[in-house]
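Colleague: I need the structure of the sequence given here:
(one chain, ligands or ions: 1)
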Amino acid sequence: MLHERARQLAGESAFDVLRRAQELEGTGVDVIHLEIGQPDFPTPPHIKEAAVRALEDGHTGYGPSQGLPALREAIAEKAGSLRGLHFSPEQVVVAPGAKALLFYTINALAGPGDEVICPDPGFPAYQSVIGHSGATAVPLPLREASGFRFDADEFRSLVSSKTRLVILNSPQNPTGGVLEREDLEVIAREAAEKDFLVLSDEIYLHFCYDSPFETIASLKEAEERVIIVDGFSKAYSMTGWRMGYAILPPGLVETFDLYNVNIASCACTFSQHAAIEALRGPQDSVSNMVSEFRTRRDYLVDALNAVDGISCTIPRGAFYAFANISETGMSSAEAASKLLDEAGVAVLSGASFGPCGEGYIRLSYATSMARLEAAVERIAAFLAKR
Ligand SMILES: Cc1ncc(COP(=O)(O)O)c(C=O)c1O
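Modeller: Predicted coordinates for the structure are as follows:
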């Protein structure tokens, strides 16, 4: 009954594990949630107040499909200043979440006969949407030995005359890896030479712990070839508000606007008013959260490395630890499933992010220090019993 296209859509382990964990909780089990990629901090009060004001002022109808002009202006300014670049509000398209814009980008640029290079392990929506578009996903391995950066020669060997798009995500989900400027230069050079575009998923921009954020959009060779996708979910703890945006090369704006018109009409109007406040208002909630996450990261990585059978390199960004569990003899899926069922700790199988994630589990440290400590105790006790 289904079209082949629809069969290509895949789920996301974070939501599957969350559902299973909640079922367990329903039976009275205490589960520590390290599966979902969502900050445990509430949306800051001044942002919530802006949404309430917007509702009270009657901003409950459709808005312009591309996004409210005042929001696009705030995005162009803030996104530009964070990256040391100049953007115009005309380049900005606002959509219901960064995920929507990943979908628009891949479908607007690739189809049957085309190839899209994407990270392995990587955010599951990339592979899923590439499959749905009819294009072929070409996985780019990211390995622990090189800090979960890619190998430049391997990257070049994967580029072909069919390559239409390369997807980058730095800081990265699920590894916490961060690409270096030299990595970005390799891609930018190839993009100019071989004529493909780059989707740079920069949703974890604020979560860089050891070095400043760098974007491929700042490289001359990449000019007019980069689609930046970002959003409010992570930086402002606004996952449920569904607010994302893209900063586009000229020529793509109209098409992205048409995707909005055809799929969502526009992003939620009062969320957009709140997003203006997020960008224009005080930023201390962002820096406080990032600083708390750095403390948790340092604790978690040390604590995991003290557990027999686990080793974990320091993730330089995002809020995930990608721990190597190959010494336990369990597959990633088995480890994740047993940790939930037998230890009450919800983590994700590394293999659910791609074949190169086999041998790893992903632990989100977007949860309180007390819960992280309890989780490590439970994991250590579970492994010691085996
Ligand atoms: C790499 C990456 N991109 C995009 C998203 C989706 O963001 P949004 O909530 O804005 O759709 C996520 C969420 O987990 C992510 O990890």
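Colleague: Please determine how far the nearest residue to Pro124 once chain neighbours are set aside is located from Gly147.
Modeller: Distance criterion Cβ to Cβ, 6 or more residues apart in numbering; nearest residue to Pro124, sequence neighbours excluded, is Glu12 at 4.8 Å. C-beta here means a position set from N, CA and C on the backbone, and glycine is covered the same way. Remark: distance between Glu12 and Gly147 (Cβ to Cβ, to the nearest Å) = 25 Å.
Colleague: Just the CA trace of the helix or strand bottoming out on mean pLDDT in the chain, in CSV.
Modeller: Using mean pLDDT, DSSP states H and E, helix 13-26 stands out as the lowest-scoring helix or strand of the chain, at a mean of 91. The C-alpha coordinates for helix 13-26 follow below in CSV (Å, rounded to 0.1, in the frame of the first residue of the first chain):
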residue,chain,number,x,y,z
SER,A,13,16.0,5.5,19.1
ALA,A,14,15.7,8.4,21.6
PHE,A,15,11.9,8.4,21.2
ASP,A,16,11.7,4.6,21.2
VAL,A,17,13.8,4.3,24.4
LEU,A,18,11.9,7.2,26.1
ARG,A,19,8.6,5.3,25.4
ARG,A,20,10.0,2.1,26.8
ALA,A,21,11.5,3.9,29.8
GLN,A,22,8.1,5.6,30.5
GLU,A,23,6.3,2.2,30.3
LEU,A,24,8.7,0.9,32.9
GLU,A,25,8.1,3.9,35.1
GLY,A,26,4.4,3.2,34.8
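Colleague: just checking, what packs against it?
Modeller: On a contact count with 3 or more Cβ pairs under 8 Å, 6 or more residues apart in numbering; DSSP states H and E, helix 13-26 meets helix 332-343, strand 345-346, strand 348-349.
Colleague: Out of these, flag the one nearest the ligand.
Modeller: Closest approach to the ligand among those (Cβ to the nearest ligand atom): strand 348-349, 11.3 Å.
Colleague: Paired strands for that closest one, with orientation please.
Modeller: According to DSSP bridges, strand 348-349 has the following sheet partners: strand 360-364 (antiparallel).
Colleague: got the angle for the following helix or strand past the strand it pairs with vs strand 360-364?
Modeller: Scanning forward in sequence from strand 360-364 by DSSP states H and E, the next helix or strand is helix 369-385. Orientation check (axes from the mean of the first three to the mean of the last three Cα atoms, to 10 degrees): helix 369-385 against strand 360-364 gives 160 degrees.
Colleague: quick one: helix 369-385 to chain centroid distance?
Modeller: When C-alpha coordinates are averaged (Cα atoms, centre = their mean, to the nearest Å), helix 369-385 and its chain have centres 26 Å apart.
Colleague: Which of the residues in stretch 25-42 are classified as buried?
Modeller: Residues of stretch 25-42 classed as buried: Val31, Ile32, His33, Leu34, Glu35, Ile36, Gly37, Gln38, Pro39, Asp40 (neighbour count, 16 or more other Cβ atoms under 10 Å).
Colleague: Could you list which of those residues also contact the ligand?
Modeller: Among the buried residues of stretch 25-42, the residues within reach of the ligand (Cβ under 6 Å from any ligand atom) are Gly37.
Colleague: Quick one: name the residues of the stretch 251-386 of the chain near the ligand.
Modeller: So the stretch 251-386 of the chain never meets the ligand (Cβ under 6 Å from any ligand atom).
Colleague: Quick check, the residue in the stretch 251-386 of the chain closest to the ligand?
Modeller: Closest point on the stretch 251-386 of the chain to the ligand, by Cβ to the nearest ligand atom, is Ala318, at 7.5 Å.
Colleague: That residue: what's it in contact with?
Modeller: Ala318 sits next to Pro171, Gln172, Asn173, Gly176, Tyr204, Phe207 when contact means Cβ atoms under 8 Å, 6 or more residues apart in numbering.
Colleague: List just the nearest of these to the ligand.
Modeller: Closest to the ligand, out of all of the contacts of Ala318 and judged by Cβ to the nearest ligand atom, is Asn173, at 3.7 Å.
Colleague: Give me the neighbour count for the residue nearest to that closest one when sequence neighbours are not counted.
Modeller: Distances taken as Cβ to Cβ, 6+ apart place Phe123 nearest to Asn173, at 5.1 Å, with adjacent residues excluded. Phe123: 24 surrounding residues under other Cβ atoms under 10 Å.
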